[in-house]
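Enquirer: Need a 3D model of the sequence below.
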Amino acid sequence: MTDRHVIAYDVGTSGVKAVLVDEAGRVSGSGYRPYGLITKANGWIDQDLDDILGAIAEATRELISTTAVAPGAIDGIGVTGQMFNLLPIDGTGRPLAPMISWLDLRAIPQARALASRYPPSEQFRCLGSLVTAKDVIPKILWLREERPDIWRRTAKVLDCKEAVVMHLTGVPITDHAGASAFRLYDATSRSWSESALELVGIPSSVLPEIGAATDIAGGLLPEPAERLGLTAGIPVVVGAGDVPATQVGAGATDVGDAQLSLGTAGYWGITMAEPLQDPAGRFGPLAHMDPDRWILWLEIATAGGALAWFRRLLGPAGPDHAAIEQLVRDSTDDPPVFAPWLSGERAPVFDDDVRAAFVGLDLHHGLGHILRAIMEGVAFQVRWAFEYALAYGSPVHGIRTVGGGTMSDVWLQIISDVLGRPLSAMRDPQDAGARGTAACVLVGLGRQKDFAFVKRDAPVEKVYEPSSATRERYERGYATFRQLYERLDLHHVDHQAARRTSGTPAPSPALPVGSASVPAPSQS
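Expert: So this is what the prediction gives:
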């Protein structure tokens, strides 16, 4: 272990992790503090920045005390965080309202109004992506229309990571990945898009400056330094949000590297050489931490959240993790099929209204069959989204897995079998975002030349190889699964009418229903 370190903060939805990393990228220690969401009777979901900053301070002091690293040995700071939030600040940098969470849907009217004015093809052409109420643009429009008093005093609108960096340095700045997530970004000029801003009526003056993730945003200010127990003036890098930070932390740094994140939601992140466009005209790419890379990012609305939902139904007397693993292993005989759309679905159907279902329940089915059906249903959805990703034409060489869901040995084997591809499960899968952020600091400080060292040193816990013994059953199961969306969409007629009224684009599968082919792994 070297005696020089950096601190990486991973600011999540439910808590913050502070991680101490040495110059070689090795984790030396961590501290964690939880905080909560502010849920209101009208369905709004907010977070208090002061709660987040207080948790960061407590986690930092715990980290320093437990590792016995002197504050003077900290050479840099980086921040990653949840994306697609919105915080308005005044000219002094103080919040004017709570941060609107990425989970919040109050901007549905603004998203529908935007869709009614501009057809999907026009949205995609000008914004690079279709937008929903969870995106930043409708949230900004909501603030302008519903809180004009706050809007008049708003100097900047920031996402979560940007708000923390602003607090630490006094500089309102975002990285290219964060800017691309706003859907107001010009991928060619790598700046804010004047045409997109004009389309939605948002002034560029309220948006933060854009810099590289590895740029130094500024030095740690005296007041936050005192709260953190650190030395003022420590360089703070611009950093990047949780998607690009996890992409790097998982070692998905080369073109064709893929990572599958299995948190409450799930997503595919595939590293691309250029911002390839979605052939179906729905999803926009995100910039990578590496300025020469892009991320094909496809969200799966419910992954680990499906299993967590069912465990909540079982209550505290339900089986623990080890018992669930064994129940699933013992229940391979004809489980039902589960459509995991508990909160709508993004890739590939782009349908917030579709809902979940179990199909084929039988009197002989027990608890293990239901648990296996949930795991297999998520695996089928993962494959459907993966096939959508392959249509972009970007190569995929290897898949690394991160997130809490990867702690299930049996689930990763199911996903590997369903995909027909090996999966490399990362060690300490919930630290990937912090590892990527620490790498960003080390590159920014010049301690590492580029992000290649992360892939070289990223710890793989286990490689899951697809089993030929299950392939035939999973091919049949996937073919059935692919027919569920159209056949079980019992609200289909009503929601199609609603979409015509609101202007929201109707979903359509990316591939023909029933297609079950999985392209062979790239050999390039």
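Enquirer: show me the residues around the residue positioned nearest the centre of the chain that make contact.
Expert: The residue lying closest to the centre of the chain (CA atoms, centre = their mean) is residue 243, at 4.7 Å. Contact criterion CB atoms under 8 Å, 6 or more residues apart in numbering gives 83, 177, 181, 267, 269, 286, 295, 297 as the residues in contact with residue 243. Yep, even glycine has a C-beta here, placed from its N, CA and C like the rest.
Enquirer: Residue 36 versus the residue nearest to the last one when sequence neighbours are not counted, what's the distance?
Expert: To tie it back to what came earlier, the one meant is residue 297. Nearest in space to residue 297, with sequence neighbours left out and distances taken as CB to CB, 6 or more residues apart in numbering, is residue 286 at 4.9 Å. When distances are taken as CB to CB, to the nearest Å, residue 286 and residue 36 turn out to be 27 Å apart.
Enquirer: Compare these two and say which is more crowded by neighbours.
Expert: When residue 286 and residue 36 are compared on other CB atoms under 10 Å, the one with more neighbours turns out to be residue 286, at 25 against 11.
Enquirer: For that one, give me phi and psi.
Expert: phi -110, psi 150 (degrees, to the nearest 10).
Enquirer: residue ranges for the strands of the stretch 151-300 of the chain, please.
Expert: In the stretch 151-300 of the chain, the strands defined using DSSP state E, counting those that start in this stretch lie at 156-158, 173-175, 185-186, 191-192, 209-211, 216-219, 235-237, 257-262, 266-272, 286-287, 294-300.
Enquirer: can you check the stretch 1-150 of the chain too?
Expert: For the stretch 1-150 of the chain, the strands defined by DSSP E, counting those that start in this stretch cover 5-11, 15-22, 27-34, 38-39, 45-47, 74-81, 87-89, 99-100.
Enquirer: so which of the ones you listed comes closest to residue 205?
Expert: In terms of CB to CB, the element of these nearest to residue 205 is strand 87-89, at 13.0 Å.
Enquirer: That closest one - contacts with which helices or strands?
Expert: Packed against strand 87-89, as judged by 3 or more CB pairs under 8 Å, 6 or more residues apart in numbering; DSSP states H and E, are the following elements: helix 148-153, strand 156-158, helix 160-169.
Enquirer: and stretch 338-350, how far apart are its ends?
Expert: For stretch 338-350, the first and last residues are 19 Å from each other (CA to CA, to the nearest Å).
Enquirer: next one: stretch 80-88
Expert: With CA to CA applied, stretch 80-88 spans 19 Å between its terminal residues.
Enquirer: returning to what we had before: mind listing what the residue nearest to residue 297 touches?
Expert: Residue 286 neighbours (CB under 8 Å, 6+ apart): 177, 180, 181, 243, 244, 294, 295, 297.
Enquirer: if we go to 6 Å?
Expert: Listed by CB atoms under 6 Å, 6 or more residues apart in numbering, the contact partners of residue 286 are 177, 180, 243, 295, 297.
Enquirer: What is the burial count for the second one?
Expert: For residue 180, the number of neighbouring residues by other CB under 10 Å comes to 28.
Enquirer: Equivalent analysis for the first one, please.
Expert: The tally of other residues near residue 177 (other CB under 10 Å) stands at 27.
Enquirer: Would you check how far apart the residue nearest to the centre of the chain and residue 219 are?
Expert: Where residue 219 is concerned, residue 243 sits at a distance of 27 Å (CB to CB).
Enquirer: can you put the helices and strands packed on strand 87-89 in CSV and add mean neighbour count, mean pLDDT and distance to residue 112?
Expert: Converted to CSV, the helices and strands packed on strand 87-89 look like this (neighbours: other CB atoms under 10 Å; pLDDT from 0 to 100; distance: least, CB to CB, whole Å):
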stretch, mean neighbour count, mean pLDDT, distance to residue 112
helix 148-153, 12, 98, 20
strand 156-158, 25, 98, 21
helix 160-169, 26, 98, 25
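Enquirer: Which one, of the ones you listed, ends up nearest to residue 410?
Expert: With distances scored as CB to CB, the stretch of these nearest to residue 410 is helix 160-169 (33.6 Å).
Enquirer: Can you say which of the strands of the stretch 1-150 of the chain is packed in most?
Expert: When neighbours are counted by mean count of other CB atoms under 10 Å, the highest per-stretch mean among the strands of the stretch 1-150 of the chain falls to strand 5-11, a mean of 29.
Enquirer: Packing partners of the longest helix anywhere in the chain?
Expert: Identified as the longest helix of the chain according to DSSP state H is helix 367-390. Using 3 or more CB pairs under 6 Å, 6 or more residues apart in numbering; DSSP states H and E as the contact criterion, the neighbours of helix 367-390 among helices and strands are strand 266-272, strand 294-300, helix 304-314, helix 321-329, strand 337-339, helix 409-419.
Enquirer: give me that answer again for 8 Å
Expert: If you count contacts as 3+ CB pairs under 8 Å, 6+ apart, helix 367-390 packs onto strand 266-272, strand 294-300, helix 304-314, helix 321-329, strand 337-339, helix 409-419, helix 471-487.
Enquirer: Which among those is found nearest to residue 87?
Expert: strand 294-300 (21.7 Å).
Enquirer: Run through the stretch 401-524 of the chain and note the low-pLDDT ranges.
Expert: Low-confidence segments of the stretch 401-524 of the chain, defined by pLDDT under 70: 489-524.
Enquirer: Ok, the chain next?
Expert: Across the chain (using pLDDT under 70), the flagged ranges come out as 1-2, 489-524.
Enquirer: The same query, at a cut-off of 50, please.
Expert: 1, 490, 492-524 (pLDDT under 50).
Enquirer: related to what we said a few turns ago, okay if I get the contacts of residue 286 as TSV plus distance to residue 198?
Expert: TSV is the format used below for these (distance: CB to CB, whole Å):
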residue	distance to residue 198
177	23
180	18
243	27
295	27
297	26
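Enquirer: need the contact list for residue 105.
Expert: Shown in contact with residue 105 (CB under 8 Å, 6+ apart): 43, 133, 134.
Enquirer: Go again with 10 Å.
Expert: Taking CB atoms under 10 Å, 6 or more residues apart in numbering as the criterion, residue 105 is in contact with 43, 44, 45, 111, 132, 133, 134, 138, 352.
Enquirer: could you dump those to a markdown table with distance to residue 402?
Expert: As requested, the contacts of residue 105 are exported to a markdown table (distance: CB to CB, whole Å):
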| residue | distance to residue 402 |
| --- | --- |
| 43 | 30 |
| 44 | 30 |
| 45 | 25 |
| 111 | 30 |
| 132 | 25 |
| 133 | 27 |
| 134 | 22 |
| 138 | 29 |
| 352 | 26 |
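Enquirer: related to what we said a few turns ago, and the strands of the stretch 1-150 of the chain: which comes nearest residue 248?
Expert: Smallest distance to residue 248 across the strands of the stretch 1-150 of the chain (CB to CB): 9.6 Å, for strand 74-81.
Enquirer: Now do that closest one against strand 5-11, angle only.
Expert: Regarding strand 74-81 and strand 5-11, their directions subtend 20 degrees when assessed with axes from the mean of the first three to the mean of the last three CA atoms, to 10 degrees.
Enquirer: Run the chain-centre distance for strand 74-81.
Expert: On the basis of CA atoms, centre = their mean, to the nearest Å, the separation between the geometric centre of strand 74-81 and that of its chain is 19 Å.
Enquirer: quick check: angle from that strand to helix 160-169?
Expert: On the basis of the same axes, to 10 degrees, strand 74-81 is oriented at 150 degrees to helix 160-169.
Enquirer: from now on call the first residue 7
Expert: Yes, from this point I'll number from 7; that puts the last item at strand 80-87.
Enquirer: and strand 80-87 with strand 21-28, angle?
Expert: With the same axes, to 10 degrees applied, the angle from strand 80-87 to strand 21-28 works out at 150 degrees.
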